[in-house]
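*Asks:* no FASTA, just this:
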Ligand code: SF4
């Protein structure tokens, strides 16, 4: 778990945090479709803005944060609480482009566990119960992120992505869940991953089950 050292939440700062705005592309209650928490009902908060810009990105609409409304923390948290979810997943875009302290503190105060999916290419912020690092060669993760990684999930198109996965795994804590995920539009990556995981059982496979099941 990552948490700002020595931070204590005060009532006064909580009300101030409620006023902080984030560019929000979408938020919705769904089932986590991939990674170590696959199958868990989760409230997804997709913040806009990304400076990584992977060519195969399936949420390119998230890149330009100016195209999306700025929503107050109070409103986002209230929608998450009303959904009945016990997990919030903050994703993007690249969510660490924003200071996550206000949003994560208020989510946690309201009883939600906070997970994040990040490329790790911007500094950590906020209070995070689970960090999924999905490193991208286009903008590498910062060294300061690695000690806090709970799950390393690498999207694979070709062999060199597996080499990239191993390079990142070397920097993660020993108990990190190691997952390779086929790129959805590159079916040939499946054989590559299956073969690799059979020979290297410390790795597992993450599938985008929400796409197979058509869960939004
Ligand atoms: S880091 Fe994520 S949101 Fe940004 S371009 Fe890559 S896949 Fe898309």
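*Replies:* The structure has been received and is ready for your questions. No experiment lies behind these values; they were computed from the predicted model shown.

*Asks:* Give the buried residues for the longest strand seen in the chain.
*Replies:* Criterion DSSP state E: the longest strand present in the chain is strand 21-31. Neighbour-count burial for strand 21-31, with 16 or more other C-beta atoms under 10 Å as criterion, is recorded at 22-25, 27, 31. Heads up, the C-betas are built off the backbone N, CA and C, glycines and all.

*Asks:* Which one of these is nearest to residue 127?
*Replies:* residue 22 (15.5 Å; C-beta to C-beta).

*Asks:* Okay, helices next: where are they in the chain?
*Replies:* 11-18, 73-83, 101-109, 159-169, 188-199, 209-213 (DSSP state H).

*Asks:* so which of these is the most packed in?
*Replies:* helix 101-109 (a mean of 22; mean count of other C-beta atoms under 10 Å).

*Asks:* ok, residues contacting that helix?
*Replies:* 4, 7, 9, 13-14, 16-18, 20, 22, 45, 73-74, 76-77, 80, 88, 90, 114, 125-129 (C-beta atoms under 8 Å, 6 or more residues apart in numbering).

*Asks:* which residues touch the closest residue to residue 93 other than its chain neighbours?
*Replies:* Nearest residue to residue 93, sequence neighbours excluded (C-beta to C-beta, 6 or more residues apart in numbering): residue 62, at 3.9 Å. Contact partners of residue 62, counting by C-beta under 8 Å, 6+ apart, are 25, 46-50, 68, 92-93.

*Asks:* where does the protein have low pLDDT?
*Replies:* 1, 4-13 (pLDDT under 70).
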